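> sequence plus predicted model, see below.
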Amino acid sequence: MSKLAKSSVFPSVSDVLTMPLIRRGRPRLAAGSAGLDRKVRWVHVAEVADIGPLLRGGELVLTTGIALCDDPAELTAYIDGLADAGASGVVIELVRRWTDALPSALVAAAERRSLPVITLAQETRFVAVTEAVVAMIVDAQLAELRAAEQVHETFTALTVSGAEPSEVLREVARMTGAPVVLETLGHDVLAYDPAGGEVAELLANWAERSRAVNVAERTAYHPDAGWLVTIVGARGNDWGRLVLVSPDEPPHRLVVVAERAASALAVNRLVARDRESLERHTHRTLLTELLATGAPPVDLATRAGALGVPLEGRQLVGMAIRPETTPSATQEALRDLAEATASAARRTKIPALVGGVDDISVRALLSLPAQSNVDSSLRRLASQIRSSPTAIPVVVGVGTTVRSITDGRRSMIEAAHVANAALRSPGTRSYHRLDDVRLRGLLHLLREDERLSAFAERELGPLLARDAAQGSRLVDLLRVFCEHGGNKSAAAAAAHMSRTAYYQQLARIETVLGVSLEDPESMLSLYVALLAMDLPC
């Protein structure tokens, strides 16, 4: 693993050789071509043989060589001293000490240490070289400071505006031109921007690839993977990694972008603690796209797989978890329910997309192995949801088991119908299927049909009008009668009325509606109308 350089603003030895002032001296590389990319931090004019102890590293040494002798051992020691001190290179003017070529011992030592040695065939004003190189360094530093200030302003604005992670990553991709991925510490992808590349290629086998990339520092470049990795979160409370895909070690400017983006993401999470988690937001986005009309996005399976939820070659089951307290359940309660559902799925090791896509329920799409027992998995998951420390009374609806992503939409819609139909009579079942809710389920599937509401109005309209005008509760008494299968005595007891008084109310209901409650078909029609009227939204 590579450590990142603190700055890349310094010119390289190659950059210095392209300067007009140096070019006029007719430069020639005598040795050390492998070190031409070394950075030049400073230029030092020195006519001293024992120069090494005077250097701090990164200096380009300019000399005429007048202080150097011809002894091979001393020339070798001179080069070793420069290399040990971290000098970036040495420029020797071939005018005063040597005029045609350098001693072979010096050249050999420089080649061995990959220390660039450049000769100048014409006399050159070293002070002018020093000024020119320093000016180059200062200009580059100012440019980097301006770029860093721009990065700071950009991400500060994103932080203050409460930008979503997708917006932050979009800005990272724009600034760097490189794909970027935000993942959990468990290697699930939370957000990404392919920077114009292929999403499938970026996210293919993501979790497996990511587990192989370990970094010891908070920001580090992994050359084998070609990833710049930055830890996201406050120290001691880290929750993710920001990965910038860069085949070559990125310059300091890109490192600054990644680190500022990580800070913006960390602040966003702190500010959004009272809102849904980033993971739930990501899951909700995928579920919303799946439930939208038309074919699901072509990359949905890839994106879900990157979250650890494979959708291909699996048994898919839609699930809807609805609080029994609806519609009084708050958005905070639904967020807690979504987190509890996701936590239950993790405990039971069932991959699932979990999120709230409306204001009344939590939806999930379960991904089960092709040969697993679906009912057993559903019982375990429903039990875990209900036993959560933050659990509230819920109704769990389950859709048909399907094997394609397109059919997954149908299973999720069916699950919502089942949960809504079961809301009036949740019973003791851990979860409900369509055949469990029977007539209520059928009516719920037809709830948007105007003919059903018209039927309920025809059957119950006069009774509803009577209750509204006189403050009576004949509709409620009729419901008790129907729910007890026409057993007048049991219905009277459930209504907390004497049988005589209750029978009188039943007679009044018959008069208002013009029907006989002794007729089984009349009672059935009225009960169906009551169920239709009571359908939840």
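Nice, thanks for sending it over.
> next up, phi/psi of Glu47, please.
Phi and psi for Glu47, reported as degrees, to the nearest 10, are phi -110, psi 60.
> quick check: closest non-adjacent residue to it.
Ala67 (4.6 Å; Cβ to Cβ, 6 or more residues apart in numbering). (Each C-beta comes from the backbone N, C-alpha and C, glycine too.)
> swap in Ile137?
Once flanking residues are discounted, Ile137 sits nearest to Phe10: 5.9 Å by Cβ to Cβ, 6+ apart.
> hmm, that neighbour is touching Asp139, no?
No - in this structure, Phe10 is not within contact of Asp139 by Cβ atoms under 8 Å, at 11.5 Å.
> those two: which is more packed in?
A count of neighbours by other Cβ atoms under 10 Å puts Phe10 above the other of Phe10 and Asp139, at 19 against 12.
> mind listing what the more buried one touches?
39-41, 58, 137, 140 (Cβ atoms under 8 Å, 6 or more residues apart in numbering).
> quick one: secondary structure of it?
coil (DSSP: H, G, I helix; E, B strand; the rest coil).
> ok, now Glu217?
Following three-state DSSP, the label given to Glu217 is coil.
> okay, now it: neighbour count?
Applying other Cβ under 10 Å, I find that Glu217 has 12 neighbouring residues.
> do the same with the one 4 residues further on
Counted with other Cβ under 10 Å, the neighbours of Tyr221 add up to 23.
> that one is in contact with Trp227, isn't it?
Yes - under the criterion of Cβ under 8 Å, Tyr221 makes contact with Trp227 at 7.3 Å.
> where do the contact lists of these two overlap?
Ser246.
> show me the two of the contacts of Phe10 that sit farthest apart.
Gly58 and Ala140 (13.7 Å; Cβ to Cβ).
> just the ones of the contacts of Phe10 in helices?
The helices, defined by DSSP state H, take in 137, 140 from the contacts of Phe10.
> out of the contacts of Phe10, which one sits closest to Gly186?
Nearest member of those to Gly186, counting by Cβ to Cβ, is Lys39, at 38.6 Å.
> check which helix or strand covers the closest residue to Leu102 other than its chain neighbours.
Spatial nearest neighbour of Leu102, excluding adjacent residues (Cβ to Cβ, 6+ apart): Ala30 at 5.5 Å. Assigned by DSSP states H and E, Ala30 belongs to strand 27-31.
> for that strand, the averaged confidence score.
Average pLDDT, strand 27-31: 91.
> ok, and what's touching that strand?
17, 36, 91-92, 101-102, 106-108, 110-111, 115-121.
> quick one, which of the residues you listed are buried?
Applying 16 or more other Cβ atoms under 10 Å to those, the neighbour count classes 17, 36, 91-92, 102, 106-107, 110-111, 115-120 as buried.
> ok, of those residues, which one's closest to Arg253?
Nearest to Arg253 out of the buried ones among the contacts of strand 27-31 is Leu36 (Cβ to Cβ; 21.9 Å).
> can you pull the contacts of that closest one?
Counted by Cβ under 8 Å, 6+ apart, Leu36 has contacts 12-14, 17, 29, 116.
> closest to Arg379 out of those?
For the contacts of Leu36, the nearest to Arg379 is Ser12 (66.1 Å; Cβ to Cβ).
> leaving aside the residues next to it on the chain, what's closest to that closest one?
Asp37 (5.0 Å).
> for the one you found, grab phi and psi.
phi -90, psi 0.
> I figured it was touching Asp15, is that so?
No - when contacts are counted by Cβ under 8 Å, Asp37 is not listed as touching Asp15 (9.4 Å).
> of the two, which one has the most company?
Under the neighbour definition other Cβ under 10 Å, Asp37 and Asp15 were set side by side, and Asp15 has more, 16 against 11.
> got the contact list for the more buried one?
Counting by Cβ under 8 Å, 6+ apart, Asp15 touches 40, 136.
> can you classify it as helix, strand or coil?
helix.
> roughly how far does it sit from Leu60?
According to Cβ to Cβ, to the nearest Å, Asp15 stands 11 Å off from Leu60.
> what residues are shared contacts of the two?
Counting by Cβ under 8 Å, 6+ apart, the residues touching both Asp15 and Leu60 are Val40.
> tell me the SS of the residue positioned nearest the centre of the chain?
The centroid of the chain falls nearest to Leu190 when counting by Cα atoms, centre = their mean (1.5 Å). At Leu190 the chain is in strand, as set by three-state DSSP.
> test my guess that it contacts Val180.
No - taking Cβ under 8 Å as the definition, Leu190 is not a contact partner of Val180, at 11.6 Å.
> let me see the ranges of the strands in the stretch 51-200 of the chain.
In the stretch 51-200 of the chain, the strands defined using DSSP state E, counting those that start in this stretch lie at 59-63, 89-93, 117-120, 180-184, 189-193.
> the stretch 251-400 of the chain now?
Going by DSSP E, counting those that start in this stretch, the stretch 251-400 of the chain shows strands at 315-323, 352-355, 362-368, 394-402.
> which strands and helices lie in contact with the shortest one?
The contact analysis (3 or more Cβ pairs under 8 Å, 6 or more residues apart in numbering; DSSP states H and E) places strand 352-355 against helix 278-291, helix 331-347, strand 362-368.
> mind doing that once more with 10 Å?
helix 278-291, helix 300-306, strand 315-323, helix 331-347, strand 362-368 (3 or more Cβ pairs under 10 Å, 6 or more residues apart in numbering; DSSP states H and E).
> in stretch 227-238, what's buried?
Buried, per 16+ other Cβ under 10 Å, within stretch 227-238: 227-233.
> sorry, back to before: pull the most distant pair out of the contacts of Leu36.
Pairwise distances across those (Cβ to Cβ) peak at 13.1 Å, for the pair Ser12 and Leu29.
> neighbour-wise, which of those two wins?
The neighbour count for Ser12 versus Leu29, taken as other Cβ under 10 Å, is higher for Ser12 (18 against 15).
> report the separation between that one and Val354.
Computed as Cβ to Cβ, the Ser12 to Val354 distance reads 52 Å.
> on that earlier part again, for the residue nearest to Ser12, give me its contacts.
When contacts are counted by Cβ atoms under 10 Å, 6 or more residues apart in numbering, Asp37 touches 12-15, 88, 116.
> and which of those is nearest Val199?
Ser12 (36.3 Å).
> let me know the outermost residue of this protein.
Thr500 (66.3 Å).
> I figured it hits Ser489, correct?
No - look at Thr500 against Ser489 with Cβ atoms under 10 Å: they stay out of range, at 11.5 Å.
> tell me, what's touching those two both at once?
By Cβ under 10 Å, 6+ apart, no residue touches both Thr500 and Ser489.
> just name the shakiest helix or strand of this protein by mean pLDDT.
helix 434-445 (a mean of 65; mean pLDDT, DSSP states H and E).
> and after it, which helix or strand comes next?
Using DSSP H and E, the next helix or strand after helix 434-445 towards the C-terminus is helix 450-470.
> part of a strand, is Gly233?
Yes - Gly233: assigned to a strand according to three-state DSSP.
> partner residues bridging it?
Assessed by DSSP bridges, Gly233 has beta-bridge partners Asp238.
> swap in the one 10 residues further on?
With DSSP bridges applied, the residues forming beta bridges to Val243 are Val181, Val229.
> I figured it hits Val189, correct?
Yes - in this structure, Val243 is within contact of Val189 by Cβ under 10 Å, at 9.5 Å.
> list residues touching both of those two?
What both Val243 and Val189 touch, as defined by Cβ under 10 Å, 6+ apart, is the set 181-183, 202, 206, 210.
> where does pLDDT dip in the stretch 151-300 of the chain?
Counting by pLDDT under 70, the stretch 151-300 of the chain contains low-confidence ranges at 162, 235-236, 271-276.
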